[in-house]
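Q: 3D, please:
(one chain, ligands or ions: 1)
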Amino acid sequence: MVAKKTVKAPANSTGILEVRGLRKAYKTRGSLVTVLNGVDFTVGDNETVGLVGSSGAGKSTIGRIIAGLEQADSGSMDYLGQELQAMKPNERRLAAKSIQMIFQDPYESLSPRMTIEQLVSEPLIIQKQGKDRSMRRQLVLEALEEVSLTPPERFIDRYPHELSGGERQRVGLARAFICRPRLIVADEPTSMLDASLRLELLQAMAQLRERHRISYLFITHDIALTRNFCDRLLVLDKGEIVEAGNSGTVIDHPQHQFTRSLIQALMDLNRI
Ligand SMILES: Nc1ncnc2c1ncn2[C@@H]1O[C@H](COP(=O)(O)OP(=O)(O)OP(=O)(O)O)[C@@H](O)[C@H]1O
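A: Model prediction:
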């Protein structure tokens, strides 16, 4: 069992994830480029934490490292008392059951050759949950219902190309939800959706959080979106978190020059 070896009291009794000193550099054309330069933050239980920063700041890299899709060079990630960085691949796979990720592109993130049933049940198969196909189908129907793809029977046998962009993103959310995670890393899930679909997805995410006590790390370019959707906001600049706090407070009273420039850019955009 994974937990047995690594269990210790969580550093923050209400936190589920505590990230400390995360560093990552990529080798490109022979030279090493530092992307994350000692990133520190926490995500609380049932909390939605927004992560903003300029393009290329390293937001997705943080998300991928937490979801286990990439390895950090150093630092620690205490997740429910388990140190993710120190885990072997098979332990990490088990932990991954309760940390899931949803992605930006509703067209590329779902295989076009799989039905919605196959796509949403795939994590169950990987995690060896759901004893047979009919049980898995039932769990898929429930997950589709949870993300407001109703009636689920209308969606389950279709292919992604038969769905709208907003519906596909909710399929991605159902796929992330089906193993009942504690934490979902959402990497710009709304950026390719128009305003009304954006709202639908955020409502579906908020509903899941309310019903099932899920925390989100919500990565976005759109700092305005974080005001109501996120409890807390983290601002990433030059590989470090330069500001963190209640999202309304950070937006209304930014302390760091970089945060001010992000908000100014938003105001300039709204004036166009
Ligand atoms: N596999 C890789 N190899 C080399 N460089 C990479 C790799 N992945 C990311 N990078 C670089 O790391 C930096 C951070 O990338 P990342 O995708 O995390 O940024 P981001 O903040 O999510 O950007 P955006 O908002 O544009 O999506 C970028 O400069 C990117 O080019």
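
Q: C-alpha only now, for contacts and for neighbours.
A: Will do.

Q: wait, doesn't Glu18 sit right on Met77?
A: Yes. Contact criterion CA atoms under 8 Å: Glu18 and Met77 qualify, at 5.6 Å.

Q: so for those two, which sits in the more crowded spot?
A: Using other CA atoms under 10 Å as the criterion, Glu18 and Met77 rank with Met77 on top: 24 against 20.

Q: doesn't the more buried one belong to a strand?
A: Yes. Assignment of Met77 by DSSP: H, G, I helix; E, B strand; the rest coil places it within a strand.

Q: what is the burial count for Ile65?
A: 17.

Q: so which residues of the stretch 1-150 of the chain form strands?
A: Remark: strands assigned in the stretch 1-150 of the chain by DSSP state E, counting those that start in this stretch are 15-28, 31-44, 48-53, 74-79, 82-83, 99-102.

Q: the fourth one vs strand 31-44, what angle?
A: Angular relation of strand 74-79 and strand 31-44 on a 0 to 180 degree scale: 20 degrees, by axes from the mean of the first three to the mean of the last three CA atoms, to 10 degrees.

Q: so for strand 74-79, mean pLDDT?
A: Averaging pLDDT along strand 74-79 yields 94.

Q: output the contacting helices and strands for that strand.
A: Counting by 3 or more CA pairs under 8 Å, 6 or more residues apart in numbering; DSSP states H and E, the packing neighbours recorded for strand 74-79 are strand 15-28.

Q: show me what the strand it packs on pairs with in its sheet, parallel or antiparallel.
A: When sheet partners are counted by DSSP bridges, strand 15-28 sits next to strand 31-44 (antiparallel), strand 74-79 (antiparallel).

Q: now do the longest one, average pLDDT.
A: Per-residue pLDDT over strand 31-44 has a mean of 95.

Q: now the angle from it to strand 48-53?
A: Using the same axes, to 10 degrees, strand 31-44 lies at 160 degrees relative to strand 48-53.

Q: okay, strand 31-44 in PDB with CA atoms only?
A: Only the C-alpha atoms of strand 31-44 are listed here, as PDB (Å, rounded to 0.1, in the frame of the first residue of the first chain):
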ATOM      1  CA  SER A  31      21.100  25.100 -22.900                       C
ATOM      2  CA  LEU A  32      19.100  24.700 -19.700                       C
ATOM      3  CA  VAL A  33      16.200  27.100 -19.300                       C
ATOM      4  CA  THR A  34      14.700  27.500 -15.800                       C
ATOM      5  CA  VAL A  35      10.900  27.700 -15.800                       C
ATOM      6  CA  LEU A  36      10.100  27.200 -12.100                       C
ATOM      7  CA  ASN A  37      12.400  28.700  -9.600                       C
ATOM      8  CA  GLY A  38      11.100  27.600  -6.200                       C
ATOM      9  CA  VAL A  39       7.400  27.700  -6.300                       C
ATOM     10  CA  ASP A  40       5.500  27.600  -3.000                       C
ATOM     11  CA  PHE A  41       1.700  27.300  -2.400                       C
ATOM     12  CA  THR A  42      -1.000  25.300  -0.800                       C
ATOM     13  CA  VAL A  43      -4.400  24.100  -1.900                       C
ATOM     14  CA  GLY A  44      -7.000  23.700   0.900                       C
END
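
Q: now the residue in the stretch 101-250 of the chain that the ligand sits nearest to: closest residue in space, sequence neighbours ignored.
A: At 6.3 Å from the ligand, His221 is the closest residue in the stretch 101-250 of the chain, using CA to the nearest ligand atom. Spatially, and ignoring its direct neighbours in sequence, His221 is nearest to Val52 (5.8 Å; CA to CA, 6 or more residues apart in numbering).
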